[in-house]
Every structure is written in C-alpha cells, then in structure tokens.
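A.B. asks: Below is the sequence, then the predicted model.
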There are 2 protein chains.
Amino acid sequence: MRPNLPDLDAYGVFGVGTLQEAQRLRHFVDEERPQHAVVVGAGYVGLEMAEALLRCGLQVTLVGRSPEVMRTLDPEIGTLVTQAVRNLGIDTRLSEEMTALETIALDSSAGTGSASGFTRRVKAVVTTVDTIPADIVVLGLGTRPNSDLAREAGLELGQRGSVKVDRTQRTSVEGIWAAGDCAETFNLVSEAPDWVPLATVANKAGRTAGQNIAGANITFPGCLGTAITKIGEVEVGRTGLQVANIEKLGLDYAAIQIDAMTRSHYCPDKAPITIRLLGEKSSGRLLGGQIVGGPGAGKRIDTVATALHAHMTVEDMLDLDLAYAPPFAPVWEPMLIAVRILAGKL
Amino acid sequence: MRPNLPDLDAYGVFGVGTLQEAQRLRHFVDEERPQHAVVVGAGYVGLEMAEALLRCGLQVTLVGRSPEVMRTLDPEIGTLVTQAVRNLGIDTRLSEEMTALETIALDSSAGTGSASGFTRRVKAVVTTVDTIPADIVVLGLGTRPNSDLAREAGLELGQRGSVKVDRTQRTSVEGIWAAGDCAETFNLVSEAPDWVPLATVANKAGRTAGQNIAGANITFPGCLGTAITKIGEVEVGRTGLQVANIEKLGLDYAAIQIDAMTRSHYCPDKAPITIRLLGEKSSGRLLGGQIVGGPGAGKRIDTVATALHAHMTVEDMLDLDLAYAPPFAPVWEPMLIAVRILAGKL
C-alpha cells in the first residue's frame, strides 16, 4: 500500500513489494551511501527493513501509526517488541503518521546512473509530529490483495477485497481457482473468512488449487494466522485470535501474560520469555497466543498453533508433556505455566 | 543401576545417582587430573557425562551395550546421535559390554584426602571386546524405582517395580500417595501403565499428589515419554511410542523419516534436521516422533507431543499452521513435510 502523497516517486523512496524494488533499494544503499533512513510502517516488513538498514550502517528512524509496533500483537506484547526495536538503536516514533515528503531538485549532473529519470530526491519525512531528515525512505505500510483482474472478470470478492474461494480454492466462477495473497482464506478459530497474506497460507492454498486443477478433490481447511519474526535476538510469535479480533466477535474471554525464562535458571544462555494466552470463558477453549523472548522463544508458538488446530480447551493442555532438559526449558515449561494461569481465569 | 561386579567401589569409579556423587566426581576431576575417562552406558546420562568430561579436557571412551546410543530412539535415529557423539571426538564403543574392572592397589601415601578409605584404584574397564585404560570410570547404566519402602509396607507395585498409583497418585493403600521416579505413570498413547523416570512427570505427579493430600481431587492423566537432550550442538527430541513399543503392542504401523533444514536454504545458520514419525495404519492416528538436528530442531518435538495429547490423526495434521520465517523454518516446515509423507503411508 502506498499513501496518496506527492513525491512518492522521488529518488530515494522505496517500497518492498517486489524483488526488483528490493534490488533497487540495495543498489541505492551500496551506491549512494545514505546515512539517515526513515522506515514508514512498523509491521513485520517495516521492522525487518529497519533492522537490515541498521546493519548496513545507517541511522534508522522507524515511524509507526499505532502506539506500539506490530498491530498483529496485543499492545501488552507489542510494547515488548517496541522495546526490543529501541534497544537495537532504532529511533522509534509511534502514534505518528507520515503526512508529506520533503524533496530537493536533483541537479542535472546527477541525472545519470541510478538517479537517471528522477527530477527530485527525498530530503525528509514530514509526520504529524516532526520533520525527520532522510537520505532514504522505505515504505512498509502493509499490503492489499492484487485482485483487480478477478474483479474485472466478475469473480466474487471477499475479505479486504480478496478473491472469494471455497475450501478447494475454487472461485465463484466455474473453472477458475485462486490461491496466494490475492485470495481469501478461512480462520480456523473465528470460523469465518479471513485474509492472511502469508507464505504459509499461500503455499498450502496453492498446493490445494494445483492438485484440484489437476483433477484431485482436496481441501485446505484454513489457517490460524500463525506468524513469527525476530528483531535482533528477540523472537516474536503469534497465532490465533488477538484481543481486537475477539472483541469484534463479542466473545467472553480471559487474557493472561507470564514472564519466565527459556531455559533452567542455572543455564548460562537462558533468556527472558513472555507468553500471552487468550481463552474463551464460556467454552474453555484456547483462542490464541503471543510470545516474545530470546533465542528459542518464538517457535514455541507452534505448540499453541497445534492446540488450536485440535480445538483443545485450556484444561486439555494442563498436563501437556512438553520437552524438558535444562538447556531447552525449565522443568515447568513456560507454556505450561501460562496454560495453568489461564485455566484459573476461565 | 549398578552391575554385579567386584571393584565397583574402587577409587575413581562413580555413579551419578545423587548430587553428592556428582560433587565427588567433580572434585576427583579437579584434584586427580585424570586423563582417560570411560563412561559406561550410552543413554541420556552417559552421553551428558561423556560430553562433560570431554569439556573438562579428558580423553573419553563411551561404552554402550546396544548397536546405537540412546535406546529411547529407533535405531534409524539413534545412529545419527551415535554419529554426533563420535563427531565430538568421543571414542564410542557400541554392542560392547563391561565385564570387569581392572584396579591397582593404592599405596599407603595416597590413603589421605579424597582417596582416604579406598584400598584400590581403577585402572581399566574390561569389556566383551577390549580392555580400555581408565583413570576415571562413570556409570550411567540406567535407573530403577526406589520402591523398597513401599514394597516392605505392602503397597502394590507396577511397571518395573514402581509404586502402583491411580490418576490421583493414590497408591493401593488408603492414605498413601506416591509420585516421582518411584511411582508408576500412565502412557497416553499406549493407554497402559508405564514407568517414566523424568523430571517433567515427577513434577506434575508431585503437584497432583500434593494437592490431593491437601484435600483437592485432581488427576494427572499421564505422559508421552517426551524427552530432549543435546550432544554438542546436536539436539535430540522424542515423544510417544517408538517401534519397539509399537511392535510389542502389535499395532500395524508406518514409519517415515525425512531430512530437511531447520531454516530457509538461504539463511546462513541453517542446520540439518531429521524427523521420524510413526502412525497407526488402521486408525490413522499419530503414535510418536523423534527428531535429531542442529539448533532449533529439538523443541519441535513439542508439536508432536501436543498432537499426541489431542489424539490427532496424521491427516488432522496435514495443514498445521506452524510458524514460518526464514530464520526459523523453511516455508514448508520440516514437520509438515514429515506429516505429509507419513499420511501417504497410512
């Protein structure tokens, strides 16, 4: 997504929607040696780009519209990720929105090489709060389904304008299948259509569509919105519903959050881990989970994802026989501590 | 467990059944500066001791009775762990059994300090194949339930002589509860009593017994035998039934094993991972899993454990929404590849 602002086509402004854009960005960094980067958007892509530019030696400012980075997390977990971003040395401006770009005219001698064809070059990002000098601006403002062709062809559209499909990836028109970021999917926890533009969903849906086109009759039941990323050494995982989704569905829920360690307390490489779990009061079922922590924390979200797939109640999870040895977990695995505390609230 | 051999009480021979024994062992290593260690027994404890002694600078020989280390794994996975042990530089002798110890008389001047009270000192381990020089011998030959008190008190005993308990940890005698390595537990996959002397089971059972003694009425449903360890950087996880258990139960099963990478192929710190999964042909249910691989491999066993708890069929697992980002997994998580291949065999 690109905001509707002038000068977005100035030299030094990049999106990361295609491999070609990423290559141009990389080339610009190598060739122009920019010193100040502003990354606009504090989701997965914005965070990854901010860290990558930092590692290229730039001073990086991250601008996010929400009070915390990563809106796919509840703010109580998001704030820990915000802290991790700041700890890396990224100047993180939140609740702040880009309103304009400042540019300067490119002198004619610069009109060759990479700058060829550009008449202006970016100088600063103007936000609702400040003017931030920028030699390079990267936009990570989210994405939307590329469903123009489908709409023009008269296919029914669904969530966020994605192509409506059934569990076999068939669209509303006979003989046309869709899969990937352009297509709708199904959320296994909300039991409602959803749009989840992630590679995991795209690959499973694509496999399903491909097999069905070739004559099979298989289904892709849907997803949980499981996602994982890292900021420096801090790992972040999430799956299922978060509070914003749950409140929209009107479910009566409990949320808990615990702080523990990834390994036994006497292990030298132990690191903090925070686990947040959400459960439904009426049914006792698990609704979702979020994790932030050091090495080994993030992939623990797979346990929550597997439990969600199996429609486990929180009580079903009380005695999960999760793996313990001191270099891998404390004897009471943090996930079990979280489950036990959530069970007490349902 | 100690074999019935003379000279097991010689100076330089250690078990690791108590903290005190471990402290004496550590003291011996620091004080006597032994150069050649022989570790007898190639289970979790034997492997951990062999690696610890290696890290103390000793030359280490490991002697194991079975063709591969770690009999809690199927041999097809055990052989990868054997290789990992050898790669560390541990001289690993398998299908070989200790038959005697060679000792020398301690001269009277040595009869003070740590050696005080000992008349002989270990010199070598004699096996069915060889005589291996040893300044220190560590026994990791397994354990058995410490249930003498219970037996003498007339309590019913169960698996391997452990104290028989119900799901509330009550023994056969009113007013007596048992928990920990002395007590029996229940295997959630075989649905039969089992004896699993691991800290995870002991802690859950102890909590259950404690609460019930204090007037609650809670149950500990049982375990899967989930376990994890590491040898150098190689992580090993296992859960549920292995082939030896399955064949004893007479189940019609399929086993598959896949080699993949822990991370996306373009990630610098990717490492090999091998996943073995076992499923029942008649019901399609998952029976167990084993994993060997580099950093990040071992804790993936928790996904298998959670699926076993939920009695998932292998087909239920086909589209598990497990977390993907390049530093954490390939887009087709190795676990999903394994599940898909196993599904094709059931």
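C.D. replies: The structure has been received and is ready for your questions. Here the structure is a predicted model, which means the values were calculated and not measured.
A.B. asks: And the residue of the stretch 151-300 of chain A closest to chain B?
C.D. replies: With Cβ to the nearest Cβ, the shortest gap between the stretch 151-300 of chain A and chain B falls at A:Ile228, namely 3.8 Å. In this view, the C-beta of every residue, glycine as well, is placed from N, C-alpha and C.
A.B. asks: Is that residue in a helix, a strand, or coil?
C.D. replies: Under DSSP: H, G, I helix; E, B strand; the rest coil, A:Ile228 falls in the strand class.
A.B. asks: Need the nearest residue in space to it, chain neighbours excluded.
C.D. replies: Leaving out its chain neighbours, the residue that sits closest to A:Ile228 by Cβ to Cβ, 6 or more residues apart in numbering or on different chains is B:Ala323, at 3.8 Å.
A.B. asks: what number of residues lie near the one you found?
C.D. replies: Residues contacting B:Ala323 under the criterion other Cβ atoms under 10 Å in any protein chain shown number 27.
A.B. asks: from memory it sits against A:Lys299, does it?
C.D. replies: Yes. In this structure B:Ala323 lies within contact range of A:Lys299 using Cβ atoms under 8 Å: 6.0 Å.
A.B. asks: Now for those two: what residues contact both?
C.D. replies: A:Ile228, A:Gly237, B:Ala329 (Cβ atoms under 8 Å, 6 or more residues apart in numbering or on different chains).
A.B. asks: which one of these is nearest B:Arg93?
C.D. replies: Nearest to B:Arg93 among these is B:Ala329, at 36.8 Å by Cβ to Cβ.
A.B. asks: and that closest one, what does it touch?
C.D. replies: A:Lys299, B:Thr262, B:Arg263, B:Ser264, B:Leu322, B:Ala323.
A.B. asks: Quick check: the fifth one is in a strand.
C.D. replies: No. With three-state DSSP as the criterion, B:Leu322 is coil rather than part of a strand.
A.B. asks: and it, how many neighbours?
C.D. replies: Count around B:Leu322 with other Cβ under 10 Å applied: 28.
A.B. asks: Could you do the third one as well?
C.D. replies: For B:Arg263, the tally of surrounding residues (other Cβ under 10 Å) stands at 21.
A.B. asks: Please, which helix or strand holds the nearest residue to it once chain neighbours are set aside?
C.D. replies: Nearest non-adjacent residue to B:Arg263, counting by Cβ to Cβ, 6+ apart: B:Lys270, 4.0 Å away. Under DSSP states H and E, no helix or strand contains B:Lys270.
A.B. asks: cool, and A:Val339?
C.D. replies: Taking DSSP H and E as the definition, one finds A:Val339 inside helix A:334-343.
A.B. asks: can you check A:Val125 too?
C.D. replies: Element membership of A:Val125 [criterion: DSSP H and E] is strand A:120-127.
A.B. asks: buried residues in that strand?
C.D. replies: Buried positions in strand A:120-127, judged by neighbour count with 16 or more other Cβ atoms under 10 Å in any protein chain shown: A:Arg120, A:Arg121, A:Val122, A:Lys123, A:Ala124, A:Val125, A:Thr127.
A.B. asks: looking at it, the fourth one is touching A:Ile104, isn't it?
C.D. replies: Spelled out, it's A:Lys123. Yes. Taking Cβ under 8 Å as the definition, A:Lys123 is a contact partner of A:Ile104 at 5.0 Å.
A.B. asks: what about the most centrally placed residue in chain A, distance to A:Ile275?
C.D. replies: Closest residue to the average C-alpha location of chain A: A:Tyr44 at 4.0 Å, with Cα atoms, centre = their mean. Going from A:Tyr44 to A:Ile275 by Cβ to Cβ, to the nearest Å gives 20 Å.
A.B. asks: And for A:Ala115?
C.D. replies: Distance of A:Ala115 to A:Ile275, given as Cβ to Cβ: 49 Å.
A.B. asks: Which one of the two is surrounded by more residues?
C.D. replies: Applying other Cβ under 10 Å to A:Ala115 and A:Ile275 shows that A:Ile275 carries more neighbours, namely 29 against 18.
A.B. asks: Give me the secondary structure label for that one.
C.D. replies: Assigned by three-state DSSP, the conformation of A:Ile275 is strand.
A.B. asks: Any idea how far apart the tips of stretch A:49-67 sit?
C.D. replies: 19 Å (Cα to Cα, to the nearest Å).
A.B. asks: Any residue of it touching chain B?
C.D. replies: No. Figure legend: stretch A:49-67 not in contact with chain B (Cβ under 8 Å from any Cβ of the partner chain); closest approach 11.4 Å.
A.B. asks: tell me how far that stretch is from the chain's mean position?
C.D. replies: With Cα atoms, centre = their mean, to the nearest Å as the basis, stretch A:49-67 stands 15 Å off its chain's centre.
A.B. asks: got it, and stretch A:312-324?
C.D. replies: Distance of stretch A:312-324 from the chain centroid (Cα atoms, centre = their mean) equals 27 Å.
A.B. asks: Report the buried residues of that stretch.
C.D. replies: Residues A:Met312, A:Thr313, A:Val314, A:Asp316, A:Met317, A:Leu318, A:Asp319, A:Leu320, A:Asp321, A:Leu322, A:Ala323, A:Tyr324 are the ones in stretch A:312-324 that count as buried (16+ other Cβ under 10 Å).
A.B. asks: Now for A:Pro295: which residues touch it?
C.D. replies: Shown in contact with A:Pro295 (Cβ under 8 Å, 6+ apart): A:Glu233, A:Glu235, A:Thr262, A:Asp269, A:Ala271.
A.B. asks: Most neighbours of all those, which one?
C.D. replies: A:Glu235 (28 neighbours).
A.B. asks: what sits against the residue nearest to that residue when sequence neighbours are not counted?
C.D. replies: Distances taken as Cβ to Cβ, 6+ apart put A:Gly298 closest to A:Glu235, at 3.1 Å, once the chain neighbours are dropped. The contact partners of A:Gly298, by Cβ under 8 Å, 6+ apart, come to A:Ile228, A:Thr229, A:Lys230, A:Glu235, A:Val236, A:Gly237, A:Ile291, B:Ala323, B:Phe328.
A.B. asks: Next, work out how far apart A:Gly298 and B:Thr229 are.
C.D. replies: Using Cβ to Cβ, A:Gly298 is found at 21 Å from B:Thr229.
A.B. asks: out of the contacts of B:Ala329, which one sits closest to B:Leu198?
C.D. replies: For the contacts of B:Ala329, the minimum distance to B:Leu198 (Cβ to Cβ) is 21.8 Å, reached by A:Lys299.
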